[in-house]
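# sequence first, then the predicted structure:
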Amino acid sequence: MFRGQESVFQEFLTKSMMERHPRSGASVIVFNKRTSQIKVLLIKRGKPPYQGHWSLPGGSQELGETIEECAAREVMEETNLTITDLKFAGINDRISRNENGEIEHHFLLTTFKTESFQGTPLASDDAADLGWFTHTEMLDLLTTPETPKFVGDVLGHEFTKG
């Protein structure tokens, strides 16, 4: 019935399933205490949703992958950093709607934090750019919704006092 159109059919099934169910993923607050003020690594999103916005590195979980493996893989793919010593920071629903109120994306993101990383940061994969930012600097950026507040809540007064 679908001979020769398997890839089109698979894309339809995948898109239909994604539209009806939230997708799971991970993000990571990679922070650096080696400077006079704590700085957090953000990536500038190169693809929708929120293309051009600054965000925590992260992305979708793959089948058979633990959420911690997802977090480490996404950070490596987007920033060229190897991270270790992940600590749970929170779980958030990220739901975006169009002007008609219809759901466009629904992600369930598990966020971790770490200050243990190796490598030289380099934007790649879905990241158009990256940088280290203090809380004050983050407030002046176009970020994904609630990013500065969430990072501030997780890292606390030592991060937000800057």
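Arrived safely. Numbers count the residues shown, from 1 in each chain.
# residue ranges in this protein under the pLDDT threshold?
Within the chain, the stretches with pLDDT under 70 are 1-19, 162.
# now do the strands in it.
Secondary structure of the chain (DSSP state E): strands at 23-32, 39-45, 54-55, 58-60, 82-84, 87-97, 103-114, 116-118, 127-133.
# which among those strands is found nearest to residue 160?
Ranking those by proximity to residue 160 (CB to CB) places strand 39-45 first, at 11.2 Å. No exception for glycine: its C-beta is placed from N, CA and C like everyone else's.
# what angle separates that closest one from strand 127-133?
Relative orientation of strand 39-45 versus strand 127-133 (axes from the mean of the first three to the mean of the last three CA atoms, to 10 degrees): 160 degrees.
# starting from strand 39-45, tell me which strands it pairs with and how they run.
strand 23-32 (antiparallel), strand 54-55 (antiparallel), strand 127-133 (antiparallel) (DSSP bridges).
# distance from it to the middle of the chain?
Strand 39-45 has its C-alpha centroid displaced from the chain centroid by 9 Å (CA atoms, centre = their mean, to the nearest Å).
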